[in-house]
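K.L.:
Structure of the sequence below:
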Amino acid sequence: QVFLVESGGGLVQAGGSLRLSCAAAPAFTGYSMGWFRQAPGKEREFVAAISRSDYSTYYADSVKGRFTISRDNAEAKVTLYLQMNSLKPEDTAVYYCAVTDSSYYLERGDGYDYWGQGTQVTVSS
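P.N.:
All right, here's what the predicted structure looks like:
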């Protein structure tokens, strides 16, 4: 059963923008949500998260000021977004969305309960 589906990845030149989306099952309305990424040969790393309680947002230092996370809890639908601006070649990775019922330590991937399949983002120099 598929709970999270990412979209919006693609190929973009350095300095460009992309907007990732993650369609989530309605059951995740009350969950914290996050974005992680994994580049070839590297470990998965935290990108951004938005909490379940007050929608506080958190960012990795490497993306602060360039990426913006947001969510839309419409009726019967939850969508997570990641607006990525001023993209750099080092942002190239597979991007995953994930959900957790916790409000703490959202930068830790091992705290998340469900993960999407990922969407590829490639930034050319």
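K.L.:
going forward, measure contacts between C-alpha atoms and count neighbours the same way
P.N.:
Will do.
K.L.:
for the residue lying closest to W115 once chain neighbours are set aside, what are its contacts?
P.N.:
Leaving aside its sequence neighbours, W115 sits nearest to A98 (C-alpha to C-alpha, 6 or more residues apart in numbering; 4.4 Å). Residues near A98 by C-alpha atoms under 8 Å, 6 or more residues apart in numbering: L4, M33, G34, W35, F36, Y112, D113, Y114, W115, G116.
K.L.:
For these, pick the one with the most neighbours.
P.N.:
Among the contacts of A98, M33 has the most neighbours (other C-alpha atoms under 10 Å), with 33 neighbours.
K.L.:
which residues does that one bridge with?
P.N.:
I50, V99 (DSSP bridges).
K.L.:
pLDDT score assigned to it?
P.N.:
M33 is assigned 97 on the pLDDT scale.
K.L.:
that older thread, the residue nearest to W115 and Y55: what is the separation?
P.N.:
15 Å (C-alpha to C-alpha, to the nearest Å).
K.L.:
Confidence-wise, which helix or strand of the protein is lowest on average?
P.N.:
The weakest-scoring helix or strand in the chain, judged by mean pLDDT, DSSP states H and E, is strand 67-74 (a mean of 92).
K.L.:
how far off strand 67-74 does the helix or strand just after that one point, in degrees?
P.N.:
Remark: after strand 67-74, the chain's next helix or strand is strand 77-84, criterion DSSP states H and E. With axes from the mean of the first three to the mean of the last three C-alpha atoms, to 10 degrees defining the directions, strand 77-84 sits at 170 degrees from strand 67-74.
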